[in-house]
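A.B. asks: Next come a sequence and a model predicted from it.
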Amino acid sequence: MENRKYDIVVWGATGFTGKLVAEYLDKIAAESKISWAVAGRNKEKLLELIERIPGLNEGDYLLADSFDLSSLKEMCRNAKVVLTTVGPYAKYGDNLVEACIAEGTDYCDLSGEVHWMRKMIDRWQDKAKKAGVRLVNCCGFDSVPSDMGVLFMQKKVMEETGEYFPSISMRLKNAKGGFSGGTFASMFNIREDAEKDRSIYKVIMRRYSLNPDQEFDGPDKRDLRTVLYDPIARSWIAPFIMATINTRIVRRSHALEGFPYGENFTYDEAIYCGKGFRGRLRGWGYILPLGVVRAAKPGSLLNKLLRWYLPDPGEGPSAEKREKGWFRLTFYGKTADNRIAEAELTGQGDPGYSATARMIAECAVCLAKDRHQLPDRSGFLTPATAIGDLLTKRLTTRGRMKFKWKGFKR
């Protein structure tokens, strides 16, 4: 590993999010003392990108194809860490996972595809652990804020009370930004796969689908599907589309750590809508778009209209709009004697683009440069279990995120 040519290789660097990652790595490369390169299948596009990146030399690129395993292995042999933004991962990710394990290369991605991650875990977990390879899924807005927010909450309450919260709820208070074209492509691809194989729906909807033990059955309820009043947040709440992946990642983190919060620990997510009639009405305003997406079956007119209206992979907002984006999450921890504590996580930049690019880039830097300070574990991991507090530190010092413990309020 120490003799690899590059610390980090960005696979899919010519895509919209990949370019943002490359631009961010270029800004922090000197401070982080990393060597890095870009990779893809199109030489001309890679050279065009390199011309825009001051810190890269003309030869700092690697050619590989998602469906050419040998080319991916060659790429992996040159990197300590491969950071991939190439999705949908269920369509393009299988061979890269195999190549990283074969070549002993660490890996991080932006996957939010539960069924694909389950398939990769079942197929490769044992070999990945034997090879000592860390494969870290969900390193963007889904699911770094959720995973690290829970870790932050539990550390704070342990310091203050000597006990962990048996229950934590996250509420998305506010956000300004949009989903990437790649995110929508993944959603549509999941729907198409699930229509062909109905068992995929079961994997996606299973509350503990990413737990090491798939037979584990805890007290978590299924993800919210309607608008209701939440006494903890003292507000109406609505379904959060990313809860389906975020909750599974948090539960996998807890299981991988050996259930330190207890096997009855619960975690849920929703959108904070506000109080009174306006809050309830706002909640139904969030429900309607979700209903439209669910109704857009593959091949239907509605599906075609959505694909026409929504951004394609490789498309996204302007730099000005990305810079004006932000997000604010509130975590509510409930003790065994029903006391409620709060913590807040805020971030600057469009959550689906700028913030996500920073999050996955910092995950890759941690894997490449802090390897000997990281937990001694391998296989398919989560941000919290692979990196933990080091990631929190990097995100707060230069990732434009802030964690704030508000303590017990009531």
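C.D. replies: Yep, that arrived.
A.B. asks: rest of the way, CA atoms for contacts and neighbours
C.D. replies: Fine.
A.B. asks: What ranges does the stretch 1-150 of the chain have for its strands?
C.D. replies: 6-11, 36-40, 61-63, 79-84, 106-108, 134-136 (DSSP state E, counting those that start in this stretch).
A.B. asks: Would you convert those into CSV that also reports distance to residue 303 and mean pLDDT?
C.D. replies: As requested, these are exported to CSV (distance: least, CA to CA, whole Å; pLDDT from 0 to 100):
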stretch, distance to residue 303, mean pLDDT
strand 6-11, 29, 98
strand 36-40, 30, 98
strand 61-63, 34, 98
strand 79-84, 28, 98
strand 106-108, 31, 98
strand 134-136, 32, 98
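A.B. asks: Please tabulate those in CSV, including the columns distance to residue 71 and mean neighbour count.
C.D. replies: CSV is the format used below for those (distance: least, CA to CA, whole Å; neighbours: other CA atoms under 10 Å):
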stretch, distance to residue 71, mean neighbour count
strand 6-11, 12, 26
strand 36-40, 10, 25
strand 61-63, 7, 20
strand 79-84, 13, 29
strand 106-108, 16, 28
strand 134-136, 19, 26
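A.B. asks: Residue 311: which of the ones you listed is closest?
C.D. replies: strand 79-84 (20.1 Å; CA to CA).
A.B. asks: can I have that closest one written out in PDB, keeping just the CAs?
C.D. replies: What follows is strand 79-84 as a C-alpha-only set of coordinates in PDB (Å, rounded to 0.1, in the frame of the first residue of the first chain):
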ATOM      1  CA  ALA A  79      -4.100   3.800  -5.700                       C
ATOM      2  CA  LYS A  80      -4.300   3.500  -2.000                       C
ATOM      3  CA  VAL A  81      -8.000   4.600  -2.200                       C
ATOM      4  CA  VAL A  82     -10.400   4.600  -5.100                       C
ATOM      5  CA  LEU A  83     -13.100   7.200  -4.700                       C
ATOM      6  CA  THR A  84     -16.000   6.400  -7.100                       C
END
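A.B. asks: outside of it, which residues touch it?
C.D. replies: Counting contacts by CA atoms under 8 Å, 6 or more residues apart in numbering, the residues outside strand 79-84 that touch it are 1-2, 4-12, 76, 100, 105-110, 360-361, 364, 367-368.
A.B. asks: Residue 229 is in contact with residue 237, isn't it?
C.D. replies: Yes - at 6.1 Å, residue 229 counts as touching residue 237 under the criterion of CA atoms under 8 Å.
A.B. asks: The two: which is more packed in?
C.D. replies: residue 237 (30 against 19; other CA atoms under 10 Å).
A.B. asks: That one: what secondary structure?
C.D. replies: At residue 237 the chain is in strand, as set by DSSP: H, G, I helix; E, B strand; the rest coil.
A.B. asks: what residue is smack in the middle of the chain?
C.D. replies: Geometric centre of the chain, nearest residue: residue 138, 2.7 Å, by CA atoms, centre = their mean.
A.B. asks: if I look at it, how far off is residue 253?
C.D. replies: Applying CA to CA, to the nearest Å, the value for residue 138 to residue 253 is 12 Å.
A.B. asks: what residues are shared contacts of these two?
C.D. replies: residue 382.
A.B. asks: okay, now the nearest residue to residue 69 once chain neighbours are set aside: neighbour count?
C.D. replies: Spatial nearest neighbour of residue 69, chain neighbours left out: residue 95 (5.8 Å); criterion: CA to CA, 6 or more residues apart in numbering. When neighbours are defined as other CA under 10 Å, residue 95 has 17 of them.
A.B. asks: my read: residue 95 touches residue 67, true?
C.D. replies: Yes - assessed by CA under 8 Å, residue 95 is found in contact with residue 67 at 6.7 Å.
A.B. asks: so where's the protein uncertain?
C.D. replies: Filtered on pLDDT under 70, the chain yields the residue ranges 1, 178-182, 313-314, 410.
A.B. asks: buried ones in the longest helix along it?
C.D. replies: Counting by DSSP state H, the longest helix found in the chain is helix 276-295. For helix 276-295, a neighbour-count test (16 or more other CA atoms under 10 Å) marks 279, 280, 281, 282, 283, 284, 286, 287 as buried.
A.B. asks: of these, closest to residue 310?
C.D. replies: Out of those, the member with the shortest distance to residue 310 (by CA to CA) is residue 286, at 17.0 Å.
A.B. asks: What distance do you get for that closest one to residue 237?
C.D. replies: 10 Å.
A.B. asks: what's the answer for residue 47, then?
C.D. replies: 47 Å.
A.B. asks: Surely residue 327 is within a strand?
C.D. replies: Yes - under three-state DSSP, residue 327 falls within a strand.
A.B. asks: which residue packs closest to it, ignoring adjacent ones?
C.D. replies: residue 175 (4.0 Å).
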